[in-house]
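In: just coords:
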């Protein structure tokens with residue numbers, strides 16, 4: 001579980017920093033449209049801060065993979081990754097949004113969902129109280 005949480009941390013901290021610092025550029029690369037209003041930029045930056053928080057939580061839990069808290073975090077990452085996968089796939093298929101980064105990000109979130117589910121299905125060697 002250490003490798004999974006470490007990779008989650010790196011991905012989410014990177015995405016979070018990008019959304020806080022350059023939200024319009026990241027959204028353009030992801031969805032092919034820039035953020036044009038102060039409200040949209042603010043919401044994107046709040047999402048970036050949330051991604052930073054997820055990344056930090058994963059980073060801090062990476063050595064505690066057998067604890068209940070780390071498994072709870074992994075469950076939250078299943079919800080997050082599956083949700084992002086579905087929202088972005090819907091955006092590409094049903095809404096027709098396209099850009100160079102959309103489908104690679106969809107694939108990454110699908111793969112991370114599967115990996116997180118596998119981490120939850122595998123019984124831990126021991127649970128640390």
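Out: The structure has been received and is ready for your questions. Being a predicted model, the structure only gives us computed values, none of them experimental. Numbering: from 1, shown residues only.

In: Do I have it right that residue 73 meets residue 62?
Out: No: contact criterion CB atoms under 8 Å: residue 73 and residue 62 do not qualify, at 9.9 Å. The way it works is simple: take the backbone N, C-alpha and C, and place the C-beta from them, glycine included.

In: Looking at those two, which one has more neighbours?
Out: Between residue 73 and residue 62, counted using other CB atoms under 10 Å, residue 73 has the larger neighbour count: 23 against 19.

In: Which positions in the strand or helix carrying that one come out as buried?
Out: Here residue 73 is covered by helix 68-93, with elements defined by DSSP states H and E. The neighbour-count criterion (16 or more other CB atoms under 10 Å) identifies 70-71, 73-74, 77-78, 80-82, 84-85, 88-89, 91-92 as the buried residues of helix 68-93.

In: between the residues you listed, which is nearest residue 29?
Out: Compare each of those with residue 29 using CB to CB and the shortest gap goes to residue 88, at 12.4 Å.

In: Packing partners of the helix holding residue 73?
Out: Helix 68-93 sits against helix 2-21, helix 38-61, helix 102-121, with contacts defined as 3 or more CB pairs under 8 Å, 6 or more residues apart in numbering; DSSP states H and E.

In: Give me the buried positions along stretch 102-116.
Out: Of all the residues in stretch 102-116, those buried under the rule 16+ other CB under 10 Å are 102, 105, 106, 108, 109, 110, 112, 113, 115, 116.

In: want to throw those into TSV with distance to residue 11?
Out: As requested, these are arranged in TSV below (distance: CB to CB, whole Å):
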residue	distance to residue 11
102	16
105	10
106	14
108	7
109	9
110	13
112	7
113	13
115	12
116	12
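
In: on that earlier part again, ok, so of the buried residues of helix 68-93, who is nearest residue 31?
Out: Distance from residue 31 was checked for each of those by CB to CB. The minimum falls on residue 91, at 6.4 Å.

In: Is the closest residue in space to the closest one that isn't next to it in sequence in a helix, a strand, or coil?
Out: Using CB to CB, 6 or more residues apart in numbering and skipping the chain neighbours, the partner closest in space to residue 91 is residue 97 (4.5 Å). In the three-state summary, residue 97 is assigned as coil, counting by DSSP: H, G, I helix; E, B strand; the rest coil.
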